[in-house]
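Trainee: Quick one, what's the 3D model for this:
(2 chains)
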There are 2 protein chains.
Amino acid sequence: MNTVTALPLPNLGLRRHALILAGGSGTRLWPMSRSTMPKQLLALNGEETLLQETARRLLPMVDSSRITTVTQDDHRFEVMGQLHGVAPALADRVLAEPLGRNTLPAIAWAVAGIARETPDALVGAFSSDHLVGYPEAFRAAWADAEVAAEAGYLTLFGMRPSEPATGFGYIEAGPPLMDGVQRVERFVEKPDRRTAEGFLKHGGYYWNGGMFVFRADRFMDLLQRHQPALAAAVMELAEGGGEPSPAEYAALPEVSIDHGLVERTEAVAVVPVEMEWSDLGSWEALYQARDKDSDGNAVKGPALPVESRRNLFWSDGGGLIAALGVEGMAVVQTRDATLVCPRERLADLKHLVARVCDRYPHLTEIHLTTHRPWGSYTILEEGPGYKIKRIMVKPGGRLSLQMHYHRSEHWVVIAGTARIVNGQEDVYLEENQSTYIAKTHCHRLENPGKIPLQIIEIQSGPYLEEDDIVRFEDTYGRS
Amino acid sequence: MNTVTALPLPNLGLRRHALILAGGSGTRLWPMSRSTMPKQLLALNGEETLLQETARRLLPMVDSSRITTVTQDDHRFEVMGQLHGVAPALADRVLAEPLGRNTLPAIAWAVAGIARETPDALVGAFSSDHLVGYPEAFRAAWADAEVAAEAGYLTLFGMRPSEPATGFGYIEAGPPLMDGVQRVERFVEKPDRRTAEGFLKHGGYYWNGGMFVFRADRFMDLLQRHQPALAAAVMELAEGGGEPSPAEYAALPEVSIDHGLVERTEAVAVVPVEMEWSDLGSWEALYQARDKDSDGNAVKGPALPVESRRNLFWSDGGGLIAALGVEGMAVVQTRDATLVCPRERLADLKHLVARVCDRYPHLTEIHLTTHRPWGSYTILEEGPGYKIKRIMVKPGGRLSLQMHYHRSEHWVVIAGTARIVNGQEDVYLEENQSTYIAKTHCHRLENPGKIPLQIIEIQSGPYLEEDDIVRFEDTYGRS
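Mentor: Numbering: from 1, shown residues only, chains lettered A, B, ... in the order given. This is a model prediction of the structure:
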């Protein structure tokens, strides 16, 4: 047994890196999460999104210029926009996978890049869609894990289990390696209830929360040994500095870091952490994670529970939820869809979502609010021959120079200042001013100011779909 | 016993009148019904509102010029507009009470007017907020009741009870008077369950559905005998032809026709009717009255029940209701409020509504859609410094000539043709045209065309409440 005193590593300086995994997608939190807006991009825990909370959690430890985020191409601009809101430099270091290949290729691509710059970098890799409380405990565990990582271990955070959950992987901790760090004895993938109860009773078992710390060079060595093809591919990618084509990326093995690397490695360590943690993998997990009123109701948005207990009431733009005599129910409401389901049935939500996807596919794909690199728009109402949107353009944001064949547009500025190119005109409009974009007129909307620009757009015409757009020039490479 | 053959009265001609009672208010169907939009004004049963269905039910029997509707002042224009949609002449004969004084003053005021014109009129008086099926049975019963009314009886419709309901008054029928008509033995107000079960077992008991037929002169005689002050007041009102002041009307006794007149009268008859009937007095009554799917779910609007039974899912502009594993629940959703309540608790809805009224009073008072004599408007969104409305102006409708101190307005026509007075200008705008109304500019909006005019209004300014309006001239007497 080789126990050393776990003094935080001195003068880490440029060696500390962090990696945010923001590639997940799914509808387990439908109707909030949709295929174009997975849960890491939603504000499920507070004012900021889970991705933003994740980034903010890292900033006290590592400079924003050394935080790499990996996401999927579909969510690239939204991820960049959200990260920019936390610290502008974060948006400069976003890798976008053309498609998802599970966690190992994503991490490997990012680490290959870091290892090229800083072979002895100590990299912390973190999911972007989990809830983490007690940031001091998190930072202390990270520092402990770095000591083990420096000694050559792939080091995991182990969350002390609060209940015999059957939905997580467990880590059995072995003998101590150093202060706060134990060798990993074995991994147990999603045990049955009885086994999980035994783990809790026995002690020394931890939830695997998908947080890792390792040295970049050590990671690449292990990758070359256990996944040589993947190692070669990501090193070539890092060398070139560009982004892989969908075909190139699809050729990579689809494998998780656990199965593909961690479980094949001898020198794996765990740092047990006492912190609030949830993977927020279901509405039930969200209910468990949130504060409750004295009747056990977890509430977000306007809700009025009367003689109602143990409910989750979640209103996101759908108005007041008023409940009488309701027990153990989840009611989740957005502007265009409401979920009603007893909490104990939430595990089967995917069946319902499949049915929704069948009959109302747009309700599982998109929100009424759509995010774009320049800002976002919300559809306020649609009717025969017209569509009304509220458009928000970020400071400095600029829509493409574009033209529509089938629709004219009326724009009214309700906040901020707009610069508008409209045919031969180039004008500034401020609050309470309006303009008219005739169909086939080339036009462009831009926010030259320092506060968000908001305009109301009223589209008029026989065909009002998003694909009636001809882009002539685009700041974001979409023309 | 004086039995006569009940041949329908021949050549009734101008003697047949009808009276629609549309004065009810209440929030027993919240969030659909609100104080400014009670249930008779809502489309709870089909495409038309209950008031419109009531009027349409009468038209095969009586000319629209002999149908009088009594409502309250708050709902006058909405009632007129709805009636106009069924038959224009109906809107010409609307009496608006300044405040509610229960049913007898309302009926008495209307009957006094009818009796002045046609003393021997045979008047059928009907609630406007009930569901009635089998129109042939309804018309046959009306004809039977007229025979008894002609013979001097206050005649009620008696609905054969389908269950031992405890929420209705019961009529015990006595010996037959003529074909299809029996003397009333006694009235039993809301019996307990056991008593009601006894009534059903025994037979000969009927629900009192608040439908009456009587001769106008006979009614006035009875009124003079039992309510002399009320009789004098309504005869004076009918004489003058005007509308009572709130003070005058408040001086009338607040009493129902049942307590104030029917129960004090000897010659009362009942016509048992076999027809679908519901007072729609609660969401549970509405659930019972509606068609169900094979799992017993009653659904209105987009809803997707999966493994869910015996529910009421009602979506009115609030998007899809998707339910998994839900049993016996009522979920009623509008754009700004959702009710969730087990069906068996719906009888206590008033407690919840009282709490809503306390904390979110606007949600029990008004809908996002407000009806006006000229049409309606719907608030699509409000935010700091702006408010967006969709405004519908009926053909021929004309808003007042008005001015605002604090807001400017942008108008975009999305359907129909508008005539717009704006300061010194007087212009026509068609689809996809817009204009700007600066604050303090006198303006007026009118629909000179034959189809509804729809415009989107974007208000801009520091104060956007409805009371920032100076009306200079108004077609509807509001200036």
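
Trainee: Give the buried residues for the lowest-mean-pLDDT helix or strand in chain A.
Mentor: One helix or strand of chain A scores below all others by mean pLDDT, DSSP states H and E: strand A:369-372, with a mean of 80. By neighbour count with 16 or more other Cβ atoms under 10 Å in any protein chain shown, strand A:369-372 contains the buried residues A:369, A:371-372. Backbone N, C-alpha and C define where each C-beta goes, glycine included.

Trainee: Between those residues, which sits nearest B:F214?
Mentor: Within the buried residues of strand A:369-372, the smallest distance to B:F214 is 59.6 Å, found for A:T369 (Cβ to Cβ).

Trainee: Okay, and the beta partners of the closest one?
Mentor: A:T378 (DSSP bridges).

Trainee: pretty sure it is touching A:G375, no?
Mentor: No: if you go by Cβ atoms under 8 Å, A:T369 and A:G375 don't touch, sitting 10.6 Å apart.

Trainee: Chain A: helices as residue ranges?
Mentor: A:50-58, A:76-86, A:103-117, A:135-150, A:193-202, A:216-226, A:228-240, A:246-250, A:257-260, A:283-289, A:349-359, A:362-365 (DSSP state H).

Trainee: just to revisit the earlier point, which residues does the least confident helix or strand of chain A contact?
Mentor: A:36-37, A:41, A:77-78, A:81, A:376-378, A:399 (Cβ atoms under 8 Å, 6 or more residues apart in numbering or on different chains).

Trainee: Tabulate these in a markdown table, adding columns for distance to B:P175.
Mentor: Shown next, in a markdown table, are these (distance: Cβ to Cβ, whole Å):
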| residue | distance to B:P175 |
| --- | --- |
| A:T36 | 74 |
| A:M37 | 72 |
| A:L41 | 76 |
| A:F77 | 83 |
| A:E78 | 79 |
| A:G81 | 82 |
| A:S376 | 75 |
| A:Y377 | 74 |
| A:T378 | 69 |
| A:L399 | 83 |
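
Trainee: quick one: which of the buried residues of strand A:369-372 is nearest to chain B?
Mentor: A:T369 (12.3 Å; Cβ to the nearest Cβ).

Trainee: list the contacts for A:R116?
Mentor: With Cβ under 8 Å, 6+ apart, A:R116 has these contacts: A:235, A:238-239.

Trainee: Among those residues, which one sits closest to chain B?
Mentor: Nearest member of the contacts of A:R116 to chain B, counting by Cβ to the nearest Cβ, is A:A238, at 44.5 Å.

Trainee: And that closest one, how far from A:L95?
Mentor: A:A238 sits 10 Å away from A:L95, going by Cβ to Cβ, to the nearest Å.

Trainee: ditto for A:G24
Mentor: 15 Å.

Trainee: Check A:F77 too.
Mentor: Going from A:F77 to A:L95 by Cβ to Cβ gives 14 Å.

Trainee: And stretch A:265-284, what's buried?
Mentor: A:265, A:267-273, A:275, A:277-284.

Trainee: Inside strands: which ones of those?
Mentor: Using DSSP state E, the members of the buried residues of stretch A:265-284 that fall within strands are A:268-273, A:277-278.

Trainee: Walk me through the domains of chain A.
Mentor: A:13-278, A:283-363, A:369-473 (automatic domain parsing).

Trainee: how about a markdown table for those domains, with distance to B:V299 added?
Mentor: Shown next, in a markdown table, are those (distance: least, Cβ to Cβ, whole Å):
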| stretch | distance to B:V299 |
| --- | --- |
| domain A:13-278 | 18 |
| domain A:283-363 | 13 |
| domain A:369-473 | 23 |
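
Trainee: Figure out which of these is closest to B:P246.
Mentor: Each of those has some distance to B:P246 by Cβ to Cβ; the shortest is domain A:283-363, at 32.6 Å.

Trainee: wait, what's in contact with the closest residue in space to A:F212 that isn't next to it in sequence?
Mentor: In this structure, A:F212 finds its nearest non-sequential neighbour in A:A125, 4.6 Å apart by Cβ to Cβ, 6 or more residues apart in numbering or on different chains. For A:A125, the contact set (Cβ under 8 Å, 6+ apart) comprises A:18-19, A:21, A:107, A:110, A:211-214, A:257.

Trainee: Good, wrapping up.
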